[in-house]
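> let me see the structure of the following:
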Amino acid sequence: MFGFNPEQHKVRTEIVAGITTFLTMAYILAVNPSIFGALDMPKGSVFTATALAAIIGTLVMAIYAKKPFALAPGMGLNAFFVFTVCLTMGHTWQFALTAVFIEGLLFIILTMTKVRSWILNAIPLSLKHAIGAGIGLFIAFIGLQNAGIIANNDATLVSLGDITHGAALLGVIGIVITGALVILKVRGGILLGILATTLIGLFIKGPDGAALTHFNGFISAPDSVGPIFCKFEWSSILSWDMLAVVFTFLFIDMFDTMGTVIGVSQKAGMVDEKGNVDGIDKMFMADSIATVCGACLGTSTTTTYVESASGVGEGGRTGLTAFTVAVLFALALLFSPVFLAIPGAATAPALVIVGVMMMTPVAKIDWEDYSESIPAFITVLMMPVAYSISDGILLGVISYVLLNACAGKFKKITVTMWILAALFICKYIFI
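Here you go, the predicted model:
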């Protein structure tokens, strides 16, 4: 069960990996209700929907795909749902939920017909290596932002935050502690780093004068999802706006998921010599089913989480890791005050350390062959600076085709890559 082999895997390792993954992605339980609050959707119901969507998707990943990946409503996709579809385009949240539901159904069809796998396997090996490294930089950047170590700056876009106070100081302390534990090869070092940093947060104050780590009780019964359950708006499904929104959800989700699966699978050693991912169709199906269920529950697109890399970094290799995550999300429904007490600064060190671990694939890129290394570099660079895994992949593919075509290396460009590049260019022009 779960793809667990007692001769190759250890129960303790898989459980520790699951706990680590959960702690690094548990922030979604706090962030998602906050984002959807801008639409006056009941936060308690959104919290419950977020947890349930994560549970369902991650259980499918554990039992059906048997992989150590966790799923939850995706960051970026939730922002597109709220701030673009609803607040900018003026649609209701029911309209947006309908678009997510349709996207999920289309994903199931694309997965069953193996279109997603066909696209993934067409990507050159150098770009696959770059995707893993790019995601490493991206999640490290997210961690630094969450802790305030990297701050917004009008003149330079980003700059170093005030690392002598508050969350940024806690994040720096956490990086030192977690880094030292990893260097010493302490088992469960990333998890211990999160817990130690959380406890230290009890003694460091934020801008409001309150401790960064604070508990508002321990047990809380989950709210009902009734107010947002299956609230679809079928009257608009044939509109051009619906088509555009569904396509955008589909596009972002597909390549965010592809990037995450490639990058984390490389770290887990679940790829062959050509960089193809073992069991990719089952992972995509889990992702698709989770999106459909999440839409029914009342939340945005549910996707495979890049924070799964933290559990892989702790040795997670089977569905038991994902099952552990699902169990913890179920517990979070009852003990949400405890889980939500972990500050972002305490999970930031884990994301930074995992970012380091995910940089290893760049060593496999032929940096002397510029027809491979330039597109690979663009892929790595654009993920953090564009704040998007999917944009990094899209621009990497476009640059690979254009650069090799201009250099006369047409034999390196497959028909699939030509088609993908053309579609991606159209995406930037028309969407």
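> which residues are in contact with the closest residue in space to residue 72 that isn't next to it in sequence?
Among residues not flanking residue 72 along the chain, residue 54 sits closest, at 3.9 Å (C-beta to C-beta, 6 or more residues apart in numbering). For every residue, glycine as well, the C-beta is placed using N, CA and C. Contacts for residue 54 (C-beta atoms under 8 Å, 6 or more residues apart in numbering) come out as 28, 70, 71, 72, 73, 302, 325, 326, 329.
> now do residue 257
If you count contacts by C-beta under 8 Å, 6+ apart, then residue 257 has 284, 287, 303, 304 around it.
> now the third one: phi and psi?
When read as degrees, to the nearest 10, the backbone of residue 303 gives phi -140, psi 160.
> how much space between the residue nearest to it when sequence neighbours are not counted and residue 388?
Excluding its sequence neighbours, the residue lying closest to residue 303 (C-beta to C-beta, 6+ apart) is residue 74, at 4.0 Å. Distance, residue 74 to residue 388, by C-beta to C-beta, to the nearest Å: 12 Å.
> overlap in contacts of these two?
Residues touching both residue 74 and residue 388 (C-beta under 8 Å, 6+ apart) are residue 256.
> follow-up on the earlier one: got the contact list for the residue nearest to residue 303?
Contact partners of residue 74, counting by C-beta under 8 Å, 6+ apart, are 253, 256, 300, 301, 302, 303, 305.
> tell me what the nearest residue to residue 161 once chain neighbours are set aside is bridged to.
Nearest residue to residue 161, sequence neighbours excluded (C-beta to C-beta, 6+ apart): residue 151, at 3.8 Å. Beta-bridge pairing of residue 151 under DSSP bridges involves residue 159.
> my guess is residue 151 contacts residue 157. True?
No - counting by C-beta atoms under 8 Å, residue 151 sits too far from residue 157 to count as a contact (10.3 Å).
> and stretch 263-283, how far from the chain's centre?
Centre-to-centre, stretch 263-283 and its host chain are 16 Å apart (C-alpha atoms, centre = their mean, to the nearest Å).
> repeat for stretch 80-100
With C-alpha atoms, centre = their mean, you get 21 Å for stretch 80-100.
> which stretches of the stretch 151-300 of the chain have low pLDDT?
For the stretch 151-300 of the chain, the stretches with pLDDT under 70 are 187, 273-275.
> residue boundaries of the helices in it?
Here the stretch 151-300 of the chain has its helices, by DSSP state H, counting those that start in this stretch, at 166-183, 189-200, 240-268, 280-297.
> rebuild the ones you listed as a markdown table, extending it with distance to residue 230.
Listed next are those as a markdown table, based on distance: least, C-beta to C-beta, whole Å:
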| stretch | distance to residue 230 |
| --- | --- |
| helix 166-183 | 39 |
| helix 189-200 | 36 |
| helix 240-268 | 17 |
| helix 280-297 | 5 |
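> deepest of the ones you listed, which one?
Stretch with highest mean neighbour count among the helices of the stretch 151-300 of the chain: helix 280-297 (a mean of 24; mean count of other C-beta atoms under 10 Å).
> and the angle from that one to helix 240-268?
130 degrees (axes from the mean of the first three to the mean of the last three C-alpha atoms, to 10 degrees).
> elements contacting helix 280-297?
Where contact means 3 or more C-beta pairs under 8 Å, 6 or more residues apart in numbering; DSSP states H and E, helix 280-297 is packed against helix 43-60, strand 71-73, helix 93-112, helix 115-122, helix 240-268, strand 302-304.
> residues in contact with residue 289?
By C-beta under 8 Å, 6+ apart, the contact set of residue 289 is 56, 57, 60, 104, 108.
> the same query, at a cut-off of 10 Å, please.
56, 57, 59, 60, 61, 64, 71, 104, 107, 108, 111, 302 (C-beta atoms under 10 Å, 6 or more residues apart in numbering).
> and residue 6, how far is that from residue 321?
15 Å.
> what secondary structure does residue 316 sit in?
Secondary structure, DSSP: H, G, I helix; E, B strand; the rest coil: residue 316 is coil.
> tell me the pLDDT of the closest residue to it other than its chain neighbours.
Sequence neighbours aside, residue 17 is the residue nearest to residue 316 in space, at 2.8 Å (criterion: C-beta to C-beta, 6+ apart). Predicted confidence (pLDDT) for residue 17: 89.
> burial count for residue 17?
As a burial measure, residue 17 scores 29 neighbours (other C-beta atoms under 10 Å).
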